[in-house]
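Peer 1: model the structure of this input:
(2 chains)
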Amino acid sequence: MGDHGSKAGVEPSERTAIGIAFGNSNSSIAYVVDDKAEVIANEDGDRQIPTILSYVDGDEYYGQQAKNFLVRNPNNSVAYFRDFLGKEFRSIDPTHNHASAHPQESGETVLFTVKDKAGEEEAASELSVSEVVTRYLRRLVNSASEYLGKKVTSAVITVPTNFNEKQRAALIAAANAADLEVLQLISEPVASVLAYDGRAENKIQDKIIVVAELGGTRSDVAVVANRGGMYTLLATVHDYEFHGVALDKVLMDHFAKEFMKKNSGASDPRENAKSLAKLRLEAESTKRALSLGTNASFSVESLADGLDFASTINRLRYETIARTIFEGFNRLVESAVKKAGLDVLDVDEVILSGGTAHTPRIAANFRYIFPQTTRILAPSTETTAINPSELQARGAALQASLVQEYEAEDIEQSTHAAVTTVPHVTNAIGVISTNDAGEEVFVPIVPPETAVPARRTVHLSAPKGGDVLVKVVEGNTHIKVTKPEPRTKENGTSKAAKVEDADEDGDDDSDFSDDEEEEDEEKREKVWKIGSTLAEAGIKGVKKGGKVEVSITVGVDLSVMITAREVGAQGGVRGTLVSS
Amino acid sequence: MEATVVPLPLPVLPEGWEGENGFKVIGKITKESASQRTLEPVGPYFLAHARRARHKRTFSEDDRIQAQERAKKVEDDNDSEISEPEDAMMLQRDAKDWKTQDHYKVLGLSKYRYKATEEQIKRAHRKKVLKHHPDKKAAAGRADDDNFFKCIQKATEILLDPVKRRQYDSVDEEADVDPPTKKQLAKGNYYKLWGNVFKSEARFSKVHPVPSFGDENSTKEEVENFYNFWYNFDSWRTFEYLDEDVPDDNENRDQKRHMERKNANARKKKKAEDNARLRKLLDDCSAGDERIKRFRQEANAAKNKKRLEREAAEKKAAEEARLKKEAEEKAAKEAEEKAKADREAAKKAKEAAKNAVKKNKRVLRGSVKDANYFVEGDASAATIDAVLGDVELVQAKIDADEIAALAGKLNGLKVADEIKSVWKEEVERLVAAGKIKEGEVKALVA
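Peer 2: You can find the predicted model right below:
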């Protein structure tokens, strides 16, 4: 990926680089201070800045201020424009722009017609989507510059994994027009992973991570293999049905119906554009409140027909009415794991990212899908979790701090396909050990899907001392299902009962009652299967209770170098397997 | 990655196991058991991977080179600050003259000056103290030699106090960059030379960032922004450092106040002078700035464009009218000449026709004469008259073409009968045509 800024002329020593999470609904900016990423609050004090621009009497507003103008000034407000960048009119989805400026066709690109100049006689101007992006980025950069007290020159920007080359090029061009050098474009899920891995207390481990990015207008799930701090995307799924706006919609419908019930004869607030905008704005803040507390109020002055409306909702009720959407998230995550050719048991970590990921119910559902050993990193399940809305910006800022000392050309060369495309071993490489029962077990040293060249070292014990065998083998996992006792029962009735239960206590997800029943019965576990033998090494005369260090280095040509020696002793055994 | 500790034990080496140097190769990894995938170019470990891949280093080589680089860095830092030589004059300075000493030079920071960080000053101070501490001098047999040590202490005291440091920086002429001379400018490098001047002046700015001077490609906006900034320059420069000492004894209050007033006035004057100096600097700079001239020309060009266009249009219209008129005149003249020529040609043709008729008539008359007036022997005058009279009559009745035709027929005939028959024929034709009455012509047909 040659995603470096074409804007030359910024010397590495003169750079001030930030990370920008440029989202379709909200954006964030972050900066690294003392090796820690900090998300910058803008002038309004927002860390999540709505990706909206609004023009009133020639004044430009952005962020939350612009969002508030969606009620009174929808036609001159531009929202949800990020995904239109670098796309043709026929391939865009204008659903979410219903309540703001509508996108229009213009040759190769998309444009918006807004009045961005003061005065009655001034004609509305036609802004191409890249012009809108440039203006918005300029505002973000200004906020960051004011906060930092020095001019921000460069940035790392996050993009979805399915952003194509044209969209990337359009984003870089738009950023350059805003006088911003793009150091690199990095994909959103990897930015989230980096935000966790960049913490000082973090230790680099080999793990499989599922990153669920639940945004306002789209949800993206990615399965990422972290191998010694190097990240490889194994699978991605994208969804435009289940997202934050869908949850807002559920609340809007709920309160609109309640409003009409309370005020007989009042018109449906969803029929009137202004009422709908008020409803939408309040529904979103109610949703946010429900992520923090168990009760939330909903109140709008003059919702429709001049009637005020106030009501409350508890979390249980919300989770019941939004159940279908929560279930959609579950299916999305499961399909991503399946697409990667893995099992939920293979997953070591689930990172929840994006604004919608604050919802406790979603994290609880995921907790239920994955085994107990999997960490679910969401505010409601882990106290040490990072705010999901800030993950991408932090990751981008960390990357920016890493690459800001590089020349633009160095960045380009380092991110070139010749460097990024490398062979990954399919099978694990490990040694044979014995367990308590005296059976041979596989100890993985180089896990599957590891990018080569790779080097791993393990220490194994030799409690009895003497001569020991280091047998290096390939290994593979499979899911062992043990059914304790096949028993018969009336599936139909128990299932129905289960569903009822789920609805009553609202704690279980009925969609999974089926699987759960089976899972309750059968025990699924991941076991290593020993494959073909690669090499054997004999270590003689190991001290009693000594340790043996085995180091495996897989070269880029898939040759394997094995070193085995007793820890603290001289010499050792070394050998190389040449690849075919 | 660090080594992971696995608690599981290794199996015991079976009896009779043999291997070359304790190692036995059994299998290998094949290309089929690996898939090509794309790494995400993100994170410190990827950058390490990229570094290894680009420089074709192995893990252990890279580890060694990285360790070396890190070790070198610390050394470099140390080197750079003690590398400045201490000149002998400076070492002999009297600490009482601290006002005139170059504090940065004393600490060996003369290449950093106002850019030196607090960290650097502290480190430089420590280094100098280690070298010049009086106790060390005493150990070398030079007791009570603490003069330069005092200079170091004074320099550190001033540079580590932000207020005093600003006062000193304000009058630190070593950091000034002199405006380029005409000779220097003549060699080119206008933007670089002036840019350095303003970079050094920018250290006094209260507002940051200071717009850069730019180069010949800077936009009008950037250039205007630059000059606006500098003409409204907000400077923290003060001249307290140059104050005369105020006696701090309590004996003469008037004297003290007088000195204070004098100092305040001197500061004010110097500040005003400094402002004037900066203004002159700017005036000099902008006077030679090609960009401003270019922008002015461009602005004028834009303003004049309309007028010029209109004038050009008028000029063009006039030119077109003139050309049209000329073309018309030319056409008229040509037409006239053609008509004249036509007239002359017609006249000539007419005369030619007349001559031809005359000639033909002569042929007609000659023919009857050749035929001897249609009689044998000498013809009488009356006969001649009658015949010629008839010829005249016939000639009068027919037009020029018919005369020519008749003449053609008669020409060359010498025999009287033939001539007569021609005449007879002609007369009969005329009679038939009703041009001549029967019997009117007698002599010719007799």
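Peer 1: from here on, contacts and neighbour counts on C-alpha atoms
Peer 2: Will do.
Peer 1: for chain A, what are the nearby residues on the stretch 201-350 of chain B?
Peer 2: With CA under 8 Å from any CA of the partner chain as the criterion, the stretch 201-350 of chain B meets chain A at residues B:208-209.
Peer 1: which residue ranges form the helices in the stretch 201-350 of chain B?
Peer 2: For the stretch 201-350 of chain B, the helices defined by DSSP state H, counting those that start in this stretch occupy B:220-231, B:253-287, B:290-370.
Peer 1: and the first one, average pLDDT?
Peer 2: Along helix B:220-231, the predicted confidence averages to a pLDDT of 88.
Peer 1: do stretch A:248-268 as well
Peer 2: For stretch A:248-268, mean pLDDT rounds to 91.
Peer 1: what's the answer for stretch B:395-404, then?
Peer 2: Here stretch B:395-404 scores 79 as its mean pLDDT.
Peer 1: now do the end-to-end distance for it.
Peer 2: Stretch B:395-404 has its terminal residues 10 Å apart, counting by CA to CA, to the nearest Å.
Peer 1: now swap in stretch A:170-190 and tell me
Peer 2: Counting by CA to CA: the opening and closing residues of stretch A:170-190 are 21 Å apart.
Peer 1: I'd like the average pLDDT over that stretch.
Peer 2: Rounded to a whole number, the mean pLDDT of stretch A:170-190 is 93.
Peer 1: quick one: distance of it to the chain centre.
Peer 2: On the basis of CA atoms, centre = their mean, to the nearest Å, stretch A:170-190 sits 19 Å off its chain's mean C-alpha point.
Peer 1: how about stretch A:323-336?
Peer 2: Per CA atoms, centre = their mean, the centroid offset for stretch A:323-336 relative to its chain is 15 Å.
Peer 1: any chance you could list what contacts that stretch?
Peer 2: Contacts to stretch A:323-336, defined as CA atoms under 8 Å, 6 or more residues apart in numbering or on different chains, come from residues A:210, A:212, A:221-223, A:235-237, A:239, A:242-243, A:246-247, A:344, A:361-362, A:365-366, A:369, A:511.
Peer 1: what mean pLDDT does that stretch have?
Peer 2: 94.
Peer 1: just to revisit the earlier point, redo the helices of the stretch 201-350 of chain B as CSV? Include distance to A:Lys257 and mean neighbour count.
Peer 2: Formatted as CSV, these follow (distance: least, CA to CA, whole Å; neighbours: other CA atoms under 10 Å in any protein chain shown):
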stretch, distance to A:Lys257, mean neighbour count
helix B:220-231, 56, 15
helix B:253-287, 71, 14
helix B:290-370, 63, 13
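Peer 1: tell me how many other residues surround B:Val171.
Peer 2: 16 (other CA atoms under 10 Å in any protein chain shown).
Peer 1: again with A:Asn476
Peer 2: For A:Asn476, the neighbour count with other CA under 10 Å is 17.
Peer 1: sec struct for it, please.
Peer 2: strand (DSSP: H, G, I helix; E, B strand; the rest coil).
Peer 1: looking at the helices of the stretch 201-350 of chain B, which is nearest to A:Ala37?
Peer 2: Closest to A:Ala37 of these is helix B:220-231 (CA to CA; 33.1 Å).
Peer 1: dump that closest one to CSV, restricted to CA.
Peer 2: Extracted C-alpha coordinates of helix B:220-231, given in CSV (Å, rounded to 0.1, in the frame of the first residue of the first chain):
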residue,chain,number,x,y,z
LYS,B,220,0.0,36.5,-2.6
GLU,B,221,-1.9,35.6,0.6
GLU,B,222,1.2,34.2,2.2
VAL,B,223,3.3,37.2,1.3
GLU,B,224,0.7,39.6,2.5
ASN,B,225,0.3,37.6,5.7
PHE,B,226,4.1,37.7,6.3
TYR,B,227,4.4,41.5,5.8
ASN,B,228,1.3,42.2,7.9
PHE,B,229,2.6,40.1,10.7
TRP,B,230,6.0,41.8,10.7
TYR,B,231,4.6,45.4,10.3
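Peer 1: chain center to it: distance?
Peer 2: The answer for helix B:220-231 is 22 Å, by CA atoms, centre = their mean.
Peer 1: near chain B, which residues of the stretch 251-400 of chain A are found?
Peer 2: Within the stretch 251-400 of chain A, the positions near chain B by CA under 8 Å from any CA are A:398-399.
Peer 1: give me that answer again for 10 Å
Peer 2: The stretch 251-400 of chain A has residues A:395-396, A:398-400 near chain B, with proximity defined as CA under 10 Å from any CA of the partner chain.
Peer 1: host element of the residue of the stretch 151-300 of chain A found nearest chain B?
Peer 2: Nearest residue of the stretch 151-300 of chain A to chain B: A:Thr232, at 4.8 Å (CA to the nearest CA). Element membership for A:Thr232, per DSSP states H and E: strand A:230-239.
Peer 1: could you identify the helix or strand that succeeds that strand?
Peer 2: Next element after strand A:230-239 (DSSP H and E): helix A:244-262.
Peer 1: can you list the buried residues in that next one?
Peer 2: For helix A:244-262, the neighbour count (16 or more other CA atoms under 10 Å in any protein chain shown) marks A:244-253, A:255-256, A:259 as buried.
Peer 1: what is the burial count for A:Lys529?
Peer 2: A:Lys529 has 13 neighbours, counted by other CA under 10 Å.
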